[in-house]
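> A structural model of the following input is requested.
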Amino acid sequence: LIMGAIPSMFQLGIAYCCCNSAGSLCNTCLGSTSTGTTGRKRSVLLLSLTIILALTFQYVLAPYILDDSTWFAKLRKVPGVAKYVWTSLTGSCRELWAGEEEVSQLTQCVENAAVYRPTFVATVFFLMSAAAAKGNPGLNRQAWPAKYGVFFVAILLTLFIPNAPLFTGVYLITLRMFAAVFILIQQVILIDVAYNWNDNWVEKSTAAD
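Residues are numbered from 1 along each chain as shown. Predicted coordinates:
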């Protein structure tokens, strides 16, 4: 009895510490809604979670779904949620790369399609947040627990949306267009910084002489 009580005591202590730490973290990131606070920390945390989820979807979820030796491979043969998720994530990729010698291309296609889901939700979330904050700036610091809840529920729902035409069609083409615009603007900014830096150094050199 004593030998069983000691591990239980340690487990309860560890669970208490974890819950207390999680509560403190949530209170720090989501708790304050006073006038002097902003949603900057919450937005950065949400963006960090998006990156983590995107990497998890790419390197954990997608290979696991494609692995024929997992329990998911058995469930996807039965009509239900697992089969629907399998069809949504791999449908368009299996149409493009159906050959046995194209397994690596199929895997890469499914991994990319998995990454599009959290990034798509984050894109829509921040666009809607910007539009809402434009009309009412106070919304930027309010209801963040609900926003996080909606964010994660939306990511789960995207697993049931087929790749085409939304993710591998409209979203991918839109990303490529904005990426080209971003690179162009970035180059202009870098050139402007270089010219300003050069002018500043020339002025300092002239003043020193």
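> Now residue 195, what are its backbone angles?
For residue 195, the backbone dihedrals are phi -70, psi -40 (criterion: degrees, to the nearest 10).
> which one is the most centrally placed residue in the chain nearest to, not counting chain neighbours?
With distances taken as CA atoms, centre = their mean, residue 50 lies nearest the centre of the chain, 2.0 Å away. Nearest non-adjacent residue to residue 50, counting by CB to CB, 6 or more residues apart in numbering: residue 122, 4.2 Å away. Every residue, glycine included, has its C-beta placed from N, CA and C.
> can you count the residues close to the one you found?
Neighbours of residue 122 under the rule other CB atoms under 10 Å: 21.
> One more: residue 40?
For residue 40, using other CB under 10 Å, the count is 10.
> just for this structure, where's the confidence low?
1-13, 15-38, 99-101 (pLDDT under 70).
> which residues touch the residue nearest to the centre of the chain?
Listed by CB atoms under 8 Å, 6 or more residues apart in numbering, the contact partners of residue 50 are 118, 119, 121, 122.
> which element is the second one on?
This points to residue 119. In this structure, residue 119 is located in helix 103-135 according to DSSP states H and E.
> Run the chain-centre distance for the helix or strand just after that helix.
Per DSSP H and E, helix 103-135 leads on to helix 144-158 as the next helix or strand towards the C-terminus. In terms of CA atoms, centre = their mean, to the nearest Å, the centre of helix 144-158 is set 11 Å apart from its chain centre.
> Which strands and helices lie in contact with helix 144-158?
In terms of contacts (3 or more CB pairs under 8 Å, 6 or more residues apart in numbering; DSSP states H and E), helix 144-158 is packed against helix 40-56, helix 103-135.
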